[in-house]
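> Here is my input; please provide its structure:
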Amino acid sequence: MFRKGLQTAWQWLDFRLGVRSALVPLLLHPVPRGARWWYVFGSITAGLLLLQVVTGICLALVYVPSADRAYESLEALNYRVPLGWLLRALHNVGASGMVVMAGVHMTQVFLMGGYKHPRGLTWLVGVGLLGCTLGMAFSGQVLRWDQDAYWGVGVAAAMAGRVPFVGPSLVHLLLGGPTIGAFTLSRFFALHVFVLLGLLVALLTVHLYLVLRLGISAPPVPGKPVDPRTYQEEYEQELKTNGVPFYPEAFFRDTIAVSAALLAVVALSLVLGPSGPGLPPDPAIVHAEPRPDWYFLPLFALLALSPEWLEIFLMLLLPVLIFAGLASVPFLTGRGERSPQRRPIAVLSVVLIAVSMAVLLWLGMRAPWSPAMTAWSGTPVPVNIVGRLTPEQLQGAVTLQYKDCRNCHALEGAGGHRGPDLTAVATRLTHDQLIRQVSQGGGLMPAYGQQLKPLEIEALVDFLGTLRPQGQPPATSPPHWERPS
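So this is what the prediction gives:
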């Protein structure tokens, strides 16, 4: 009786929705016979995306995307909501797995020449999917709204602020104002949940359509290059003679791979637990050593360890060059040999990139945010500077010392070096610009307008205004902003 009821319900739905007529051609479309376990990484990535959507919806039922409640709602998920900690762990581990699988899938497609004619557009859409995946990973870290998230937003704002001509507008759009504030978190929540996810789903739909439209590339054969003039005819002939239906063999292979990946995510989630939140967001916390999630540690290492003159290149040009290089692959090498055995440059490129990323990841786990995080307590303001100060300027020197400014800034070479040496800062910035920089931040420097009282800011700026060589006039209209910390 129950079985008959299910059959009746299925027939009712199938007649109206056409499920059978839509799914059967998809399940029976031919794939190359040799397409085996090397071809499951794309399906694993899509399966992990589905996990992210499901767990994300569950988390959104509790998470409050407001600056004053977000941290509390995450703590509630960790300790008060039943299995809330597991949901957060699944979401976090699933995000890491999705980043890994997206990279592995693109590496496999590159090494096996799957991007060559006629699948160049499929590759380009995949590059877009990789960018959206990284964007989802970064915006998800911001939603933790802890100390690492705050500084991560600061770095993102620094990168956006240095874009020529439209930098300030991009920062305002990103932060919801001139500084990190109440609107910043809601912006990133909308970016994470609506904009990037919608774009990711749209690109994935196009990607799957192109895979069905153009077919899955056959395993590469040494000595059998891709010729755009004859490839399509040869591919169709190969499917007729050696092709097999996607269902059941390939379907079950993908199902096994996705199930194994999901089980691995569950196991790791149970062992590792949720990620954060760490300390509440506060740029004035002593000994703050923020770090991004592991997939951004290579970039963190480059920014932390590279000299000052490389920052613009690393922030603005390097990401553009990386994605431009990925997008150019099908245009530069869209024909010819597909087999890795006949493409030593491609294999060597993958090896060099993998080794470089591993080294940078290792360095990022150890790279200091500031080379002198105890400078505020161990290095006093030089006596020759203190001796010529008024009482109010002395108060500003005290503020500089005990608000951790020396963590990132040096005086006469002593102190942190993430920001510029302040010994001659008054020759570069005017009084108003100093107030704006301290209050609103800029570059890698956070805004301290909410951490310092107006009188403290005024005293600090009065002290900074004395920092110039004797006989040298103060700044009047400096040509550019102080390089921020």
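> isn't Met136 right next to Ser96, touching?
No: using C-beta atoms under 8 Å, Met136 is not in contact with Ser96; the gap is 11.7 Å. Placement of C-beta: from N, CA and C, glycine included.
> Look at the two and report which has more neighbours.
Met136 (24 against 18; other C-beta atoms under 10 Å).
> Skipping adjacent residues, who's closest to that one in space?
In space, Met136 comes closest to Leu196 once its chain neighbours are excluded; the distance is 5.1 Å by C-beta to C-beta, 6 or more residues apart in numbering.
> Touching, that neighbour and Cys132? I think so.
Yes: assessed by C-beta under 8 Å, Leu196 is found in contact with Cys132 at 5.5 Å.
> Only alpha carbons, please: show stretch 305-323 as CSV.
This file holds the C-alpha atoms of stretch 305-323, laid out as CSV (Å, rounded to 0.1, in the frame of the first residue of the first chain):
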residue,chain,number,x,y,z
LEU,A,305,58.4,39.5,5.2
SER,A,306,58.8,41.6,2.0
PRO,A,307,60.3,45.0,2.0
GLU,A,308,58.2,48.2,1.9
TRP,A,309,58.7,48.9,-1.8
LEU,A,310,57.1,45.6,-2.7
GLU,A,311,53.8,46.2,-0.9
ILE,A,312,52.0,47.9,-3.8
PHE,A,313,53.0,45.1,-6.2
LEU,A,314,52.0,42.3,-3.8
MET,A,315,48.7,43.9,-2.9
LEU,A,316,47.5,45.1,-6.3
LEU,A,317,49.4,43.6,-9.1
LEU,A,318,50.3,40.1,-7.9
PRO,A,319,46.6,38.8,-7.5
VAL,A,320,45.7,40.3,-10.9
LEU,A,321,48.7,38.7,-12.5
ILE,A,322,47.9,35.3,-11.0
PHE,A,323,44.3,35.3,-12.2
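> what comes up buried for that stretch?
For stretch 305-323, a neighbour-count test (16 or more other C-beta atoms under 10 Å) marks Glu311, Met315, Leu316 as buried.
> next one: stretch 136-143
Those would be Met136, Ala137, Phe138, Ser139, Gly140, Gln141, Val142, Leu143, for stretch 136-143 by 16+ other C-beta under 10 Å.
> Next SSE downstream of the helix or strand harbouring the fifth one?
With elements delineated by DSSP states H and E, Gly140 resides in helix 120-142, which encompasses its position. Scanning the chain past helix 120-142 towards its C-terminal end, the next helix or strand to appear is helix 147-161 (assignment: DSSP H and E).
> who are the neighbours of that following helix, in terms of helices and strands?
Counting by 3 or more C-beta pairs under 8 Å, 6 or more residues apart in numbering; DSSP states H and E, the packing neighbours recorded for helix 147-161 are helix 120-142, helix 167-175.
> Measure how far the last one is from the centre of its chain, please.
In terms of C-alpha atoms, centre = their mean, to the nearest Å, the centre of helix 167-175 is set 18 Å apart from its chain centre.
> Domain ranges for the chain, per the record?
If you go by automatic domain parsing, the domain ranges for the chain are 25-219+238-366, 375-464.
> any idea which of those domains scores lowest on pLDDT?
Among the domains of the chain, domain 375-464 has the lowest mean pLDDT, at a mean of 77.
> circling back: Validate this expectation: the residue nearest to Met136 resides in a helix.
Yes: applying DSSP: H, G, I helix; E, B strand; the rest coil, one finds Leu196 inside a helix.
> Any figure for the gap between it and Leu6?
38 Å (C-beta to C-beta, to the nearest Å).
> before we move on, what about Met101?
In terms of C-beta to C-beta, Met101 sits 35 Å off from Leu6.
> So between these two, which is more surrounded?
Neighbours per residue (other C-beta under 10 Å) separate Met101 from Leu6, with Met101 holding more: 22 against 9.
> quick one, what contacts the residue nearest the centre of the chain?
What sits nearest the mean C-alpha location of the chain, by C-alpha atoms, centre = their mean, is Phe138, with 3.6 Å. Applying C-beta atoms under 8 Å, 6 or more residues apart in numbering to Phe138 gives the contacts Gly152, Ala156, Pro292, Phe296.
> So which of the residues you listed wins on neighbours?
In the contacts of Phe138, the most neighbours by other C-beta under 10 Å go to Gly152, 23 neighbours.
> contacting residues around it?
Taking C-beta under 8 Å, 6+ apart as the test, what Gly152 contacts is Phe138, Gln141, Val142, Pro290, Pro292, Phe296.
> isn't there a helix covering the last one?
Just to be clear, that refers to Phe296. Yes: under three-state DSSP, Phe296 falls within a helix.
> which non-adjacent residue is nearest it?
Nearest residue to Phe296, sequence neighbours excluded (C-beta to C-beta, 6+ apart): Phe138, at 6.8 Å.
> Same question for Gln141.
Asp293 (5.2 Å).
> repeat for Ala95
Ala95's closest residue in space is Ala137 (C-beta to C-beta, 6+ apart), at 5.5 Å.
> so what's that neighbour up against?
If you count contacts by C-beta under 8 Å, 6+ apart, Ala137 has them with Ala95, Met98, Val99, Asp293, Tyr295, Phe296.
> now that we have these, which one has the most neighbours?
Within the contacts of Ala137, Ala95 tops the neighbour count with 25 neighbours, counted by other C-beta under 10 Å.
> wait, it sits on Gly140?
Yes: using C-beta under 8 Å, Ala95 makes contact with Gly140 at a distance of 5.9 Å.
> Switch the domains of the chain over to TSV; also include distance to Tyr231.
Formatted as TSV, the domains of the chain follow (distance: least, C-beta to C-beta, whole Å):
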stretch	distance to Tyr231
domain 25-219+238-366	6
domain 375-464	49
